Structure formats: C-alpha cells, structure tokens
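Visitor: missing the sequence, but the structure's below:
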C-alpha cells in the first residue's frame, strides 16, 4: 500500500506503451504541494526568509526586470495562440488529468499576470484579455503548479513556435524567489552546496572515506588497484559527478574509476565541488551562477587540464551554460564543456576499447535507454549514450518512438520535484515512462542522470515494472575487460 | 448639399482617416514589438536539441517552422492539416489582393487566379474547422478564452464578406482600385458605395489595429524564438559565448 494519497493519480493502463490523453479532472493535483522553505536555508542563499510584506509589488517588479533581460520569456509571453498542441504532451497532465498541468495552462498562469500589468489590453480591460491579478489565489496556483513542472521541455518539441514552458517556469520561480516564496527541498539543496560542496551535504571527510571504501571494495572483487583520487592537484581531468554517485549510485562511481584506470588518465574529484547537479536552475539566476562557478573554481584550484561532467542531466544543462554564466574557459583544453558520454564515445571512435569489450558480460540484461530531459532536449546528447550501449550490450531495445530521443518523457522528478511530500505527482509523472518500459519488457533501464536513477526505481516499483535502473557507464564498464 | 450627401462625405472622410490610422498603427506597432524582441538579450544557450550546429542550419530550421509547421505535425495531424491549409489559403488571398494595391499588377498575383478562386472558401472553411475544434475538444475548450474566439470570428467575418462581394453581391472592382490607389497616393477619393464592401474593409482595418497587440503577433514572434533560432554551438564556439553573453543577464 502506498504511503501517500493516491487520488491525483490516474490508474488507466497504457496501450502499446502509450497513454491516451486523460479526461480533464479539475483541481486533481491542487493539493499536492512542496513544503515551504526554512529560514536557515533561505538565509544561507541570499533569499528572503519569509514572504516579503510588499510581495505583489516586488513580484511585478521582478517580472518586469526579467522581461527586459530574457528574450525567451518576452517572446513566449506574447506569441502563444493556445492551439493545444502541447496540452496532452506533459507527463504530469497525462498522469493527473489536472488541466493546470497542461503546459499551456501552466504558462497561462504567468501570462495572465503579465497581461494584467504589462499590456494595454490587460490594464484597460482585464476580463476580455485573459488577464488576472496577482493575488493570493493566483500565488497559490503558482506555488502549486510551477512546482509540478519538471522543466523538461517536452512541450516545446510540439509547440509550433518552440515555446519552452521550462523558461516560463524558471521565470515564475525567480519571481517567487523575489517575493520570498520558495520550497524547502530546493533551497535546502542549494544551501548544502555552499556548506559542504554537494547537494547531499556529504562533508569532505565522508567523501574521502567513501572513495577509500570503494577502492578497497573493488580491489577485493577484481584484484586490480583502481584509484578514486580526491583533490589531486595537477591531475589532468576533474570529474564533476552528481554527489549521489558516491553514495547511492556507487556502480556509476565505480564505472568512472574503471574507465579512467583503463585509459590511464590521471583524474580527480574535488571536495570543494563534488557536485555537477545545479539546483540553482530550479530557483533563480543568482544561485545558478554561484553554484556553477564552483565547478570552474575547483578546476582552477586543482590546475586540471579539462573538466568532465558526470552522469547527471541538469548538471549538463548547467554545463553548457558554463561559459555564458561564468566567463571564458579558454585555459582548459577544448572541447568544453565536455560530457562523460561524449568523452567515452570519442575514445570509442579512436579505438581505445578495440577488442576490450565483452558484450556477453551484460547478457542477463535486456537493456533500454531512458533519455534524461536535459541531455536530450538541451544538450544534444542523443547518439553517444546509445552508441556506448550498443557497443557494450548484446540485448538493447528502444522504447516506442514517441517516448524516446527528443520526445522522451521526464522521469517525473526533475526540476526540483524529487521530494517525498509530492510523491503522488512524482508517481503520476513517472507513469508514461514506466508504461513504455513495461511495453518493451526491459529489465534494465540505463540512463545518465542521478535524478532519474533516484526516481525511476520508485516509479518502477509503484507501477509494478520489474526493471533495474543504472548508469550507461555502469553497463559499459561491466563489459570492459580490465 | 443634401443631408445624405453631407453624411456620406463625413463617412468617407472617416473611412480614409481610419485607414491611415490603422495602417500606421499596424506598421509602427509591429515594429515596436519586434524591435523590442530584437533588443532583449538571450543570455543563455536555449536551443532545443537536437539542433543544427551552424547559423545557416538554424535559419533553415526557422524557415521550415514558418513554412511547414513540423512541430504541429508531430503533435496532432488534424490540427496540422487545418492550421496549414488556413495559413496557406491566407497567403494566397493576401498575394491575390496585391492587385488592388499595385499598378501594374505583379505576375505572382496574376498567376494565382486559378487557385485564388477557391482560396476564399478554403480559408473560411479552415477558420470554421479551427473554431469548431476549440469547442469540440475538452482540452482546447478549457484553454480557449475570449481573445481566441474573437480572432477567429474576425477572420471568419472578413472571409465571408470577402466571398460575398467577390462572388455574390459584386462590388465594382474599378471603384475599389481607385479608392485604394487614392489612399496609397495620399489623394483619397470616396470609397465605393457598397455596404458589404465597406464592412469588409472596416473589419480589415480593425484586424490591423488589433494585430500588433494580440496573439496574432505569433506571425512575427516565431522568428525570435530562441529555442528554435539558436544553433547548438556551445562546444564549437565557446569563446564567442564567453565574449558576448557572460555579463548580459
């Protein structure tokens, strides 16, 4: 029995792995809200500790500033025609049937306020212009539904104008930050990064301990002295993994170490920044920039030649933002930013693994590949992981076309939603992915994203799909003959 | 001067004045909005991938979006068909209308005559289909607001009056052309005394006034959508991003 209220979740089965658009269930997910932030976290990350007294004025002012600074937002506020092409494309609408989870309706929550205060029609005649005041009720809707969006961009693929609801969600959250309205989960994670260097709040000694433990473990199993270097000044490569890899997804962490050991590369992690995942993306620009800067700073402190981003979806989004956010990277070796899957694919093309891959090592798995949202729709990473899986697995099976590549479904917990109080929405959002996995009958879902690796096992369990979830590098290094 | 003549003169003056006002508002309003888009920075790479990696590739992608609506095709085939037919018919009609505005008439406008015969009907039917779709699907019914219906009703009325004056209650085309050319050469003459034509003409003026301040702006905005018009070039041209964008937010 589930430990949460399941009423927001639609239980209808899929046909051929695809969910039909549900009928509208108004307010179905309205009661599923993230916990509000705690003052100790917001204080640490330069945000108001509680809702500011003049929150309406502050919010409208911030929205005005963003409209001047962000072309996407400005264009997307005006040009939607409400054709409804995106309406049935969001996993949260498919899973809950709540009309405010249709991407266009979600965006209209911000647009209505934009029209009210920034357009002639909305100022003069709000009723006829689909405009609405920024009042208590509207703020409640913002807080609920902009935190039921995982910023996955699936809707933008189907929009004739490429309207990206993720940009709109980011703007709305930024406006809420200015008002002092934030969620506990996201603010807590960002505060931990400043405190300990990573999202999980693992202190440096524990990180080093974990690495030593993994070293001993792997020596015992394979008999090979594979190292997990930490803070190695003068190493060639700084790896920025998601911190969960050293804690929960240790198979992925072992994968990195095996790979670099095999290639004879001197690599390291950093205790100043052992986190690629950037929760600033889910909060506001200032924190996104500050969190991301730690990566470049760590690389400079250690004097590495290049930075490689590990298997983390929104870390890669932050990764491709890096030069724009944090300034020139020309002291590093190109290409930058560089993703571990790209690096491995490049090595594969150069023949580094010729004759060294034993595909039969993964024969117990029928593998399928789950494209995480950010690598697929923001980071041009579609071919590389597939190539790596085909090179290392005999049994690889794609899910239905409408659920992969740029049309991939979010796992249901990206964008700062990986928190237990909104479990109902997470399970609803994960449903399309679970149904597609069930359809192909895969028993291993490979994916290069720590949030997917945390969310998908729970989704598979909830929807009764017997599949293991793990990293691409995990399978690849499983097949690698050391 | 009889009262009716005086009233007609007054009305003709009003029509001429409104025409200029509508044309100026349309042009300046559109420029103001589009220049606003152009001047607003796009601080972060935003291309939705898989994306082309060059500026040329991105231009081709936007051109494809404008001409063929590939995203709608992926999303909903019936909507794609309705929307595409609607827009193509609109283009045929607009180009065909050039013959009232130009002398000599451009070849393209003349070439259209065999299809133009049908374009008005096709446009009207497509508008009707899009209107029906808004009401028929629970999702679009939920989403649609007054401005969505108004835009379609306005376009539909323009189509109906246009078809009527062309095929059923003919207006004298020579008078129409004299009226339009008069407006364009800043020597306005009285419009044709044909009520339906006047309704058609005034509705178009209304559309022009409404256009820059409504969702109809998608026609210009589509060229400025950063998710579509940016190439994915970050790994190729990191240094350009470094220089141009890092301090802009």
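Guide: That came in fine, so what should we check first? Since the model is a prediction, treat every value here as computed from it, not as a measurement.

Visitor: what about residue B:9, neighbour count?
Guide: Residue B:9 is flanked by 12 other residues according to other CB atoms under 10 Å in any protein chain shown. Every C-beta, even on glycine, is put in place using the N, C-alpha and C of the backbone.

Visitor: where does it sit, in terms of helix or strand?
Guide: helix B:3-39 (DSSP states H and E).

Visitor: could you measure the nearest residue to residue B:64 once chain neighbours are set aside against residue A:103, distance?
Guide: Spatial nearest neighbour of residue B:64, excluding adjacent residues (CB to CB, 6 or more residues apart in numbering or on different chains): residue B:70 at 6.0 Å. Remark: distance between residue B:70 and residue A:103 (CB to CB, to the nearest Å) = 18 Å.

Visitor: what about the two, which has more around it?
Guide: Set residue B:70 next to residue A:103 and count neighbours by other CB under 10 Å: residue A:103 wins out with 30 against 13.

Visitor: quick one: contacts for residue 158?
Guide: Here I'm looking at chain A. A:85, A:86, A:89, B:71, B:72, B:74, B:75 (CB atoms under 8 Å, 6 or more residues apart in numbering or on different chains).

Visitor: wrong one, I was asking about chain B
Guide: B:200, B:203, B:204, B:207.

Visitor: rerun that using 6 Å as the cut-off
Guide: residue B:203 (CB atoms under 6 Å, 6 or more residues apart in numbering or on different chains).

Visitor: now it: how far from residue B:35?
Guide: Distance from residue B:158 to residue B:35, by CB to CB: 28 Å.

Visitor: now swap in residue A:16 and tell me
Guide: Counting by CB to CB, the gap from residue A:16 to residue B:35 is 49 Å.

Visitor: burial count for residue A:392?
Guide: Per other CB under 10 Å, the neighbour tally for residue A:392 reads 27.

Visitor: surely it touches residue A:478?
Guide: No - under the criterion of CB atoms under 6 Å, residue A:392 makes no contact with residue A:478, lying 7.2 Å away.

Visitor: look at residue A:338 and say how many residues are nearby.
Guide: For residue A:338, the neighbour count with other CB under 10 Å is 19.

Visitor: who are the contact partners of the residue nearest to residue A:244 when sequence neighbours are not counted?
Guide: Spatial nearest neighbour of residue A:244, excluding adjacent residues (CB to CB, 6+ apart): residue A:450 at 4.4 Å. With contacts defined as CB under 6 Å, 6+ apart, residue A:450 is in contact with A:242, A:244, A:312.

Visitor: for the second one, helix, strand, or coil?
Guide: Secondary structure state of residue A:244, per DSSP: H, G, I helix; E, B strand; the rest coil, is helix.

Visitor: any idea how far it lies from residue A:310?
Guide: Per CB to CB, residue A:244 is found 10 Å from residue A:310.

Visitor: in chain A, where is pLDDT below threshold?
Guide: A:1-2 (pLDDT under 70).

Visitor: chain B contacts on that one?
Guide: Taking CB under 6 Å from any CB of the partner chain, the part of chain A that reaches chain B is made up of A:24, A:69, A:71-72, A:74-75, A:78-79, A:81-82, A:84-85, A:87, A:99, A:104, A:128, A:130, A:156, A:158-162, A:164, A:285, A:320-321, A:323-324, A:327-328, A:335-336, A:377, A:380, A:382.

Visitor: which phi and psi does residue A:183 have?
Guide: For residue A:183, the backbone dihedrals (degrees, to the nearest 10) come out as phi -100, psi 150.

Visitor: tell me how far the closest residue to it other than its chain neighbours lies from chain B.
Guide: Nearest non-adjacent residue to residue A:183, counting by CB to CB, 6+ apart: residue A:34, 3.8 Å away. Distance of residue A:34 to chain B, computed by CB to the nearest CB, to the nearest Å: 25 Å.

Visitor: ok, residue A:217 next?
Guide: Noted for residue A:217: a distance of 35 Å to chain B, by CB to the nearest CB.

Visitor: distance of the most centrally placed residue in chain B relative to chain A?
Guide: Nearest residue to the geometric centre of chain B (CA atoms, centre = their mean): residue B:219, 6.4 Å. Distance of residue B:219 to chain A, given as CB to the nearest CB: 9 Å.

Visitor: cool, residue B:93 as well?
Guide: 19 Å.

Visitor: the helix or strand harbouring that residue - contacts with which helices or strands?
Guide: Here residue B:93 sits within helix B:77-101, counting by DSSP H and E. Counting contacts by 3 or more CB pairs under 6 Å, 6 or more residues apart in numbering or on different chains; DSSP states H and E, helix B:77-101 is packed against helix B:70-75, helix B:107-111, helix B:113-136, helix B:173-184.

Visitor: reformat these as CSV; add distance to residue A:236 and mean pLDDT.
Guide: CSV is the format used below for those (distance: least, CB to CB, whole Å; pLDDT from 0 to 100):
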stretch, distance to residue A:236, mean pLDDT
helix B:70-75, 43, 95
helix B:107-111, 62, 81
helix B:113-136, 58, 90
helix B:173-184, 70, 91
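
Visitor: kindly compare burial across the ones you listed and name the winner.
Guide: Highest mean neighbour count of the helices and strands packed on helix B:77-101: helix B:70-75, a mean of 19 (counted as mean count of other CB atoms under 10 Å in any protein chain shown).

Visitor: for that one, the distance to its chain's centre please.
Guide: Distance, stretch centre to chain centre, for helix B:70-75: 21 Å (CA atoms, centre = their mean, to the nearest Å).

Visitor: end to end, how far does stretch A:152-164 reach?
Guide: When the termini of stretch A:152-164 are compared using CA to CA, to the nearest Å, they are 9 Å apart.

Visitor: now it: how far from the chain's centre is it?
Guide: With CA atoms, centre = their mean as the basis, stretch A:152-164 stands 17 Å off its chain's centre.

Visitor: mind listing what residue A:288 touches?
Guide: A:278, A:280, A:281.

Visitor: got a ChimeraX select line for the buried ones in these?
Guide: Those of those that count as buried under 16 or more other CB atoms under 10 Å in any protein chain shown are selected in ChimeraX with:
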select /A:278,280,281
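
Visitor: pick out whichever of the contacts of residue A:288 sits closest to chain B.
Guide: Taking CB to the nearest CB as the measure, chain B lies nearest residue A:281 of those, at 10.1 Å.

Visitor: surely the closest one forms part of a strand?
Guide: No - under the criterion used here (three-state DSSP), residue A:281 is helix, not part of a strand.

Visitor: gap between it and residue A:146?
Guide: As judged by CB to CB, residue A:281 and residue A:146 stand 14 Å apart.

Visitor: identify the residues contacting the one residue in the stretch 351-482 of chain A that gets nearest to chain B.
Guide: Per CB to the nearest CB, residue A:380 is where the stretch 351-482 of chain A lies closest to chain B, at 4.3 Å. Residues near residue A:380 by CB under 6 Å, 6+ apart: B:49, B:232.

Visitor: so where's chain B uncertain?
Guide: Those would be B:1, B:235-249, if you go by pLDDT under 70 across chain B.

Visitor: in which helix or strand does the nearest residue to residue B:58 once chain neighbours are set aside reside?
Guide: Closest residue in space to residue B:58, ignoring its immediate chain neighbours: residue B:231 at 4.3 Å, by CB to CB, 6+ apart. Applying DSSP H and E as the criterion places residue B:231 outside every helix and strand.

Visitor: top of the contacts of residue A:450 by number of neighbours, please.
Guide: Among the contacts of residue A:450, residue A:312 has the most neighbours (other CB under 10 Å), with 33 neighbours.

Visitor: these two touch, right, it and residue A:275?
Guide: No - using CB under 6 Å, residue A:312 makes no contact with residue A:275, being 8.5 Å away.

Visitor: strands of chain A, start to end?
Guide: A:237-240, A:267-268, A:306-309, A:338-339, A:367-369, A:444-446, A:468-470 (DSSP state E).
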